[in-house]
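> Fold the stuff below for me.
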Amino acid sequence: MKTMKWLIKREMWEHKGMLFWAPIVIAGLVAALALTGIFLGHNVNFNEEGQAVQIGTVTIEGAMRTRIVETASQAYILSATPVMMVLSLLVFFYCLGALHDERRDRSLLFWKSLPVSDFTTVMSKVVLALVVAPLIAMAIGIVLSLVILLAGCVAVLAHGTNLFGALLATPDLYLMPLRLVGLLPVYVLWALPTVGWLLMVSSMARSKVFLWAVGTPLATSLLLVWAEKMLHFGFDASWFVTRVVDRILLGVIPGSWLVFDADNAMRHHDMQKLEIPQTVFNASWHTLTGASVWIGVAAGVAMIAAAVWMRRRREEG
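Residues are numbered from 1 along each chain as shown. Prediction:
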């Protein structure tokens, strides 16, 4: 366990700019744009009793105030979306270079001189990609969302209406970050095929890792589509694209599981009966009851095992 801890620290030190500072910069840009829009955007006016809100030319009566607070408490976490989308790019390119760069700069020879197994080394990269990096992005995204929500409440307070009390008494204000973090196991399982594929290619490719990782499945898809259309083979090319190519290239995108297994995700969930955040949370976990995710997990584990085997045997650049 201590060895794994130090290996993860080493990976963080080597990729600090990518895994830590890049999400912070994106969050800073989003915060700057949001704060500019909040404080320099539409005029917001309240009557003396704070019972009516004037936003531009639209008036919201005081009876809607509770609904506004509920919506804000549920939707504010959406401000973290840009950071979570950047996470998918960071994990993708981190895994692409994780094993290839060690051979290219010959640092592999140094790391192999240490009493650390190839399995432990590769698993440290898997844990960083699937657990540590998402937790960092989630923490930054949650802080960003709270800052934007706070700024919005301050802007409203400047016009005479205090929403802080109502917001602080709303359970969703505290549940939304917990729901986001609670989706981490779902993310890990659905992203495993992509991480496994990228690490395997990273361990095998001598050069042009991106072309091998992305070009190979895309070229295979085009070939199968051509064979299906021109040669009338009885193979469903669209199945290969959606079940294989999408899974190994897009699995690190947060929320992709709702698209990969849409039928199973939304089964037994009625948007009219549940709040949307709770519905999405439940639907995400419900995808784990299908066979698709577990087939992908098995494939991801097999590809990670192949990456470990290749790292043990290949040392050349």
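> Please, where are all the strands along the protein?
Ranges of strands in the chain, per DSSP state E, are 44-46, 52-55, 58-61.
> Sort out which residues of stretch 250-264 are buried, please.
Neighbour-count burial for stretch 250-264 flags 250-258, 260-261, 264 (criterion: 16 or more other CB atoms under 10 Å). In short, each C-beta sits where N, CA and C put it, glycine included.
> How about residues contacting that stretch?
84-85, 87-88, 91-92, 129, 134, 183, 186-187, 190-195, 242, 246-247, 265-266, 280, 283-284, 286-287, 289-290, 292-293, 296 (CB atoms under 8 Å, 6 or more residues apart in numbering).
> buried subset of these?
84, 87-88, 91-92, 129, 134, 183, 186-187, 190-195, 246-247, 265-266, 280, 283-284, 286-287, 290, 292-293, 296.
> quick one: contacts for Leu199?
When contacts are counted by CB under 8 Å, 6+ apart, Leu199 touches 95, 98-99, 122, 125-126, 303-304, 307.
> ok, now how distant is it from His286?
28 Å (CB to CB, to the nearest Å).
> And for Met84?
For Met84, the distance to His286 - CB to CB - is 20 Å.
> repeat for His15
34 Å.
> min pLDDT across the buried residues of stretch 250-264, which one?
For the buried residues of stretch 250-264, the weakest pLDDT value sits at Asn264, with 66.
> how near is the closest residue to Leu180 other than its chain neighbours to Gly215?
Computed as CB to CB, 6 or more residues apart in numbering, the closest residue to Leu180 that is not its neighbour in sequence is Met138, at 5.7 Å. Relative to Gly215, Met138 is positioned 32 Å away (CB to CB).
> next one: Ala75
Using CB to CB, which is the criterion applied here, Ala75 is 39 Å from Gly215.
> Neighbour count for the two, which is higher?
Shown here are Ala75 and Gly215; by other CB atoms under 10 Å, Ala75 has more neighbours (15 against 11).
> quick one: contacts for that one?
Contacts of Ala75 by CB under 8 Å, 6+ apart: none found.
> Just give the number of residues close to the residue nearest to Trp212 when sequence neighbours are not counted.
Residue nearest to Trp212 in three dimensions, not counting chain neighbours: Ala205, with 4.5 Å by CB to CB, 6+ apart. Neighbour count of Ala205, defined by other CB under 10 Å: 19.
> repeat for Trp294
Neighbour number of Trp294 under other CB under 10 Å is 12.
> Please report how far it lies from Ile68.
From Trp294 to Ile68 the distance is 42 Å (CB to CB).
> Which positions within stretch 4-13 qualify as buried?
Applying 16+ other CB under 10 Å to stretch 4-13 flags 7-8, 11 as buried.
> wait, which of those residues is closest to Leu167?
Nearest to Leu167 among those: Ile8, at 36.5 Å, using CB to CB.
> For that closest one, give me its contacts.
By CB under 8 Å, 6+ apart, the neighbours of Ile8 are 124, 127-128, 132.
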